[in-house]
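1. structure, please.
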Amino acid sequence: MTLVAVLTVSDRASRGDYEDLSGPAIEHWLRAAITNRFECVRRTVADGVESVGDALVELCDRDNADLVLTTGGTGPSPRDLTPEAMLKVVTKELPGFGELMRQASLAHVSTAILSRQTAGIRGRTLIINLPGKPSAIDVCLNAVFPAVPYCLDLIGAARIETNPALCPSFRPA
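-> Residues are numbered from 1 along each chain as shown. Model (predicted):
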């Protein structure tokens, strides 16, 4: 069975000061988009290169997640270090994911240029950094998810099937 992990990166949410809205929003989107059976696990960690990097390694190497979606920590503030943490643990960066997410987001908010989302591969796990706002999550997932099943196939991860109404099929060139 496919394992999808959602990692919320937030100092406030990890302390319980703030309700995590983005993690549940991602899971809700996934449940509508993925048609085959899958397990979704959600975790929350504080901002920081070590905390995020350690969580990613655990999700990829110990839990054998096929797909990890992070949310939060992609802005320009000093504590926003999710992309740096991901880049320390992946073997390949896939910058096209971030480029497409920023392009799609610019149609909605001019501040999308401040976002630093990206993606990468660790072993047979695809990791995608998403923004922390639920409204931006939908925009970003709608933009990049058509390529996710094909990418998972290419790296040897579990296969996922998607709802064509939400995720048109990606056709490689």
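2. can you check what pLDDT the model gives P172?
-> Looking at P172, its pLDDT stands at 58.
3. how about R37: what's its closest non-neighbour residue?
-> Spatial nearest neighbour of R37, chain neighbours left out: M1 (5.7 Å); criterion: Cβ to Cβ, 6 or more residues apart in numbering. (Glycine included, C-beta is placed from N, CA and C.)
4. what residues are up against the one you found?
-> Neighbour list for M1: R37, F38, E39, A158 [criterion: Cβ atoms under 8 Å, 6 or more residues apart in numbering].
5. quick one: the helices in the chain?
-> 11-15, 22-33, 49-57, 82-89, 95-106, 134-144, 148-155 (DSSP state H).
6. in the shortest one, what counts as buried?
-> Of the residues in helix 11-15, those with enough neighbours to count as buried (16 or more other Cβ atoms under 10 Å) are D11, A13, S14.
7. mind pulling up the pLDDT for the first one?
-> Right, D11. 94.
8. what sits against it?
-> So D11 contacts A46, D47, R79 (Cβ under 8 Å, 6+ apart).
9. residues near the last one, how many?
-> The local packing of R79 (other Cβ atoms under 10 Å) involves 14 other residues.
10. quick check: it vs A85, distance?
-> 12 Å (Cβ to Cβ, to the nearest Å).
11. find residues that contact each of the two.
-> G48, G73.
12. tell me the pLDDT of N36.
-> 95.
13. can you pull up the bridge partners for the nearest residue to L94 once chain neighbours are set aside?
-> Nearest residue to L94, sequence neighbours excluded (Cβ to Cβ, 6+ apart): A119, at 4.3 Å. With DSSP bridges as the criterion, A119 is bridged to I128.
14. how close does A119 get to L3?
-> 17 Å.
15. which one's more surrounded, the two?
-> A119 (28 against 18).
16. sorry, back to before: looks like the residue nearest to L94 contacts N129 (just checking).
-> Yes. Contact criterion Cβ atoms under 8 Å: A119 and N129 qualify, at 6.7 Å.
17. so what sits against both of these two?
-> G98.
18. pLDDT score for the residue nearest in space to the middle of the chain?
-> Nearest to the geometric centre of the chain sits L69, at 2.4 Å (Cα atoms, centre = their mean). pLDDT recorded at L69 is 98.
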